[in-house]
Each structure stands twice: as C-alpha cells, then as structure tokens.
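Q: Here you go, sequence then predicted model.
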Amino acid sequence: MKPETIRKIDIGVGKIACFILTCFRLIVDKISPQGLPQAPIRKILFIKLIEQGATVLAYSAILRAIDRVGRQNVYFCVFEENREILDIIDVLPQENIFVIRNRQFSLFLLDILRSLYRIRKICIDATVDMEFFARASAILSYLTGAARRVGLHRFTSEAPYRGNLMTHRVQYNPYLHTAKAYHLLVAALDAAPQDLPLVKLPVDGFEETAPTFVPGQEETARVRGILTQAFPQPVEGPIVLLNPNASDMLPLRKWDTQNFIRLGQAILKKHPESVLIFTGAPSERESAERVCREIGSDRAVCLAGKTTLRELLVLYTLADVLVTNDSGPGHFASMTDIHSIVLYGPETPALFGAIGGRSHIIHTGLACSPCVNAFNHRFSPCRNNVCMQSISVNQVYEAVRHCLPTRDNEI
C-alpha cells in the first residue's frame, strides 16, 4: 500500500476503531477494575512499523529493554520492507520479530491476525508503541492484551485522536530528540500510570548510542568484487556515494536531481582521482540510473537496487563520503565510519539527526521548517520545498571537499 493509502485507512478506519475500543475498555474496566498490583514485566513487545532509519534511533531503547528482561524476551513488530535493518543490528532473535506485509490490505489484516495470535500465545505483558500518534499501532497494542501498554497520548493538545488505549500515557515532547523519546517510552514502563503526564524523569540520565556495523572479510571481498565489475579501471581514489532519492514517505525531502548531477560533475572535475557511486532502493533504480547517465563519465556508476541493505552498509565502510537526502541512509551511515552529508529541509536534525558516526548536517533553517511532525502524521501542506531548493550545489560540494582530505589524513 502507498503511504497516502495507509494514511487514509489510519484516519478513516483508525478513528472509528480507536473510539469503539476505548468504549469497550471503559466497560471492561468498570466490570473488572484493575486494583491488584501488576506482576513483574517478563516480555516486552516494540511496535515500530515504518522507517528503518527510525529503528536505528531506537537502538538504545531496545538495549534498555534487553537489559531488563533478556534478549529472548524482547520482541519487535515491523512492516516487511523494514525488517532488514533489525537483522543487521542483530540484537533480537529472528523468531522474535513479527513481520507485517502491507502490499495489500488483505495481507495486512491476515498478518495482523496471525501476529496477534502468536503474541497472545506467548503472553506478552508489556508493549511499547513507538509510532507517534498512529492509530494502527495503538489498536495493535491494545489487542495484544498486554497489561502494560506505553504510548503517546494527546491529553489537552490538538494532536491526532487515537482513543484512550494505553495504560501508561506519555506526553509528546517536541523538543526531545527522537532517540531519547524512544528511550523514555521504555522507562515509562516503571512509572506510576496515574502520575500524568508521563514521564517525570530528567532526560540527562539517558544516553543514546548508535549500533556499530562491522562487516566480515567474505562480505567485504564480495562488495569489492561488485566494485571491480562496475568500474572499467581499478578504484584507487576516494569513493563518493550519492543517494539522490528520498523515500515515498516524504518526497518533500528530496534535493533536486539536477543538483546531484551538477554536484557529481563538480566532484569528478576537481577530484579527478575520485569515483562516484549512485545508491538507492530497487524502486529508485531507474531514476538513479538516469541521473548517473547525465553525469557522462565512466567514473560514475549506479548500484541502486543492485545490493542488499547489508551490502550497502559494507559499501559504506569502503567509501569516503555519502551525500544523501534526509532519509534512512543517513542513519545507516551512522553505523559506520563514513562521512555522511545529510540534507535537511521539511524535518529538523534536532529531532531526527543521526546520533552516531560522522554526520555533517546541511539545514537552511527556514521559518516554516519543520513542516512535517507528529501532529500532522508527517504529511505537510507544502507544495514548494524552498527549504531544499535553498541548499546550493556549492554548499554541498564544499562539505564534500572538506571531508575528503580529512579521511585521507586518518588513513
């Protein structure tokens, strides 16, 4: 399903379902009041359906849960296309990951029912909903039957309605980095649910780290082989990666492809020993190849859609610089030592910036930015992304130029 389709279902069906389930919960609570102390938490389920980059930001939150109940007792629910990053981070057993297919609504419902059956069978007793005000994740959290359910609640704000389905309701703080917000959701499991709004803890006590990716010798050799096949001459100079696309979730984040073409041409002209590699998802392969052809050089190749995500991270360990729109690759790069130049516009690095690695941020800071946030489900009314148009090719090139000699001096 397309992001817009998911949004319409979440609004149309989600509101009604949240209201009905909230009424049902009120009736159940009156019939069977929860007066007894809750049992200790034994199994924790994270619900984070979309965006692999956000899963990287959740790394510290996952580790906190593992420290509490053990690796075998932490579970994760995710859309099928976002599962691979969990396999790469490799902190959870593969059988503990519940995968939801969302290509069709019928498959989505089928996998939800299958996952709920498994979740109830293994007796999950705590859920952490990491989707900001999404209704589907709130509904899923309630239907697990978990005694403790942590998630965002709008309280008196004009945030999207998603009923009253959480036992531990957390106040959304738009001034906290997303990684810290995820971490605090796990901490809320220990809070008194009546002490609203949660969480009443100092944020300085929570340190966030990014996972580290270290490739094996065989996979490094395999990716070197891919480079050997891609380039007619041996690659001896700096490798610059360009990721010209943004995910379908937020096309507003995209820097104009003509800018990437001009940037690539400038890099090859001023650094004749360097090579360019265009990267991207399989769905972005055609557009990335078109941009690569416009460069007009045999020192520029396109590997978009030709590598797995794991092979892409191996490539990051071999390359010198990555230039990308604000999307997953900026966070994947934080797991390696590559210099990543990330272009921000509709979103702010104060909330979604990478927390590890060698990230270099370019952000013009317009008054209207960020225009996508938790309150509008990250769907902006903007039709003219001046924030991205304001980033000049020369500005980005200077950032690349600054990074190349830095890497050379460290080797």
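A: Received it, and whenever you're ready, just let me know what you need.
Q: From here on, just use CA atoms for contacts and neighbour counts.
A: Will do.
Q: What is the neighbour count of Tyr59?
A: A count of nearby residues for Tyr59, using other C-alpha atoms under 10 Å, gives 20.
Q: Number the chain from 163, please
A: All right, first residue 163 from here; so that's Tyr221.
Q: Surely it is in contact with Glu369?
A: No: counting by C-alpha atoms under 8 Å, Tyr221 stays clear of Glu369, with 11.1 Å between them.
Q: what is the residue lying closest to Arg461 once chain neighbours are set aside paired to in the beta sheet?
A: Spatially, and ignoring its direct neighbours in sequence, Arg461 is nearest to Val437 (5.0 Å; C-alpha to C-alpha, 6 or more residues apart in numbering). For Val437, the beta-bridge partners are Ile401 (DSSP bridges).
Q: dump the residue contacts of Val437.
A: 397, 399-402, 430, 461-462 (C-alpha atoms under 8 Å, 6 or more residues apart in numbering).
Q: Give me the mean pLDDT for the helix or strand in which Leu404 is found.
A: Secondary structure from DSSP states H and E places Leu404 in strand 401-405. The pLDDT scores in strand 401-405 average 96.
Q: How far away from the center of its chain is whichever helix or strand comes after that strand?
A: Moving toward the C-terminus from strand 401-405, the first helix or strand encountered (DSSP H and E) is helix 419-432. Relative to its parent chain, helix 419-432 has a centroid offset of 28 Å by C-alpha atoms, centre = their mean, to the nearest Å.
Q: What is helix 419-432 packed up against?
A: Applying 3 or more C-alpha pairs under 8 Å, 6 or more residues apart in numbering; DSSP states H and E, one finds that helix 419-432 makes contact with strand 437-440, helix 447-457, helix 555-572.
Q: as a whole number, average confidence for the shortest one?
A: Spelled out, that is strand 437-440. Strand 437-440 carries an average pLDDT of 96.
Q: one step back: ok, residues contacting the strand holding Leu404?
A: 422, 436-442, 480-487, 491.
Q: now stretch 345-361
A: Here stretch 345-361 makes contact (C-alpha under 8 Å, 6+ apart) with 220, 222-224, 226-227, 288, 290, 292, 310-313, 329-333, 368.
Q: could you redo the last one with a cut-off of 6 Å?
A: 223, 330, 332-333 (C-alpha atoms under 6 Å, 6 or more residues apart in numbering).
Q: How far off centre is that stretch?
A: Once both centres are worked out by C-alpha atoms, centre = their mean, stretch 345-361 turns out to sit 23 Å from its chain's centre.
Q: same thing with stretch 511-523?
A: Distance, centroid of stretch 511-523 to centroid of chain: 12 Å (C-alpha atoms, centre = their mean).
Q: Please put the alpha-carbon coordinates of it into CSV.
A: Output in CSV follows, covering the C-alpha atoms of stretch 511-523 (Å, rounded to 0.1, in the frame of the first residue of the first chain):
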residue,chain,number,x,y,z
PRO,A,511,18.0,17.4,12.7
ALA,A,512,17.3,18.5,16.3
LEU,A,513,14.7,15.7,16.4
PHE,A,514,15.8,13.2,13.7
GLY,A,515,19.5,13.8,13.2
ALA,A,516,21.9,10.8,13.3
ILE,A,517,23.3,10.1,16.8
GLY,A,518,26.5,8.4,15.8
GLY,A,519,29.1,8.2,13.1
ARG,A,520,30.5,11.2,11.3
SER,A,521,27.4,13.1,10.3
HIS,A,522,27.6,16.6,8.7
ILE,A,523,24.3,18.4,8.6
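Q: what pairs with Ala462 across the strands?
A: Going by DSSP bridges, Ala462 forms beta bridges with Leu438.
Q: circling back to that earlier point, show me which of the contacts of strand 401-405 are buried.
A: 422, 436-442, 480-487, 491 (16 or more other C-alpha atoms under 10 Å).
Q: For this protein, which segments count as strands?
A: Ranges of strands within the chain are 206-209, 236-241, 259-262, 288-291, 310-315, 330-333, 401-405, 437-440, 462-464, 483-487, 501-506, 520-525, based on DSSP state E.
Q: lowest average confidence, helix or strand, in this protein?
A: Within the chain, no helix or strand scores below helix 555-572, which has a mean of 79 by mean pLDDT, DSSP states H and E.
Q: Residue ranges of each domain in the protein, please.
A: With domains defined by automatic domain parsing, the chain comprises 165-191+200-367, 379-572.
Q: Of all those, which one comes closest to Pro373?
A: With respect to Pro373, and counting by C-alpha to C-alpha, the nearest of these is domain 379-572 at 5.5 Å.
Q: Serialize the domains of the chain to JSON lines and add fields for distance to Pro373.
A: As requested, these are arranged in JSON lines below (distance: least, C-alpha to C-alpha, whole Å):
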{"stretch": "domain 165-191+200-367", "distance to Pro373": "7"}
{"stretch": "domain 379-572", "distance to Pro373": "6"}
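Q: what angle do the strand holding Leu404 and strand 483-487 make?
A: If you take axes from the mean of the first three to the mean of the last three C-alpha atoms, to 10 degrees, strand 401-405 sits at 10 degrees to strand 483-487.
Q: from the chain's centre, how far out does strand 401-405 sit?
A: Mean-position distance between strand 401-405 and its chain equals 20 Å (C-alpha atoms, centre = their mean).
Q: Equivalent analysis for stretch 437-457, please.
A: Distance of stretch 437-457 from its chain centroid, counting by C-alpha atoms, centre = their mean, is 22 Å.
Q: burial of the spatially closest residue to Thr441 that is not a sequence neighbour, as a residue count?
A: Once flanking residues are discounted, Thr441 sits nearest to Ala466: 4.2 Å by C-alpha to C-alpha, 6+ apart. By the criterion of other C-alpha under 10 Å, Ala466 has 22 neighbours.
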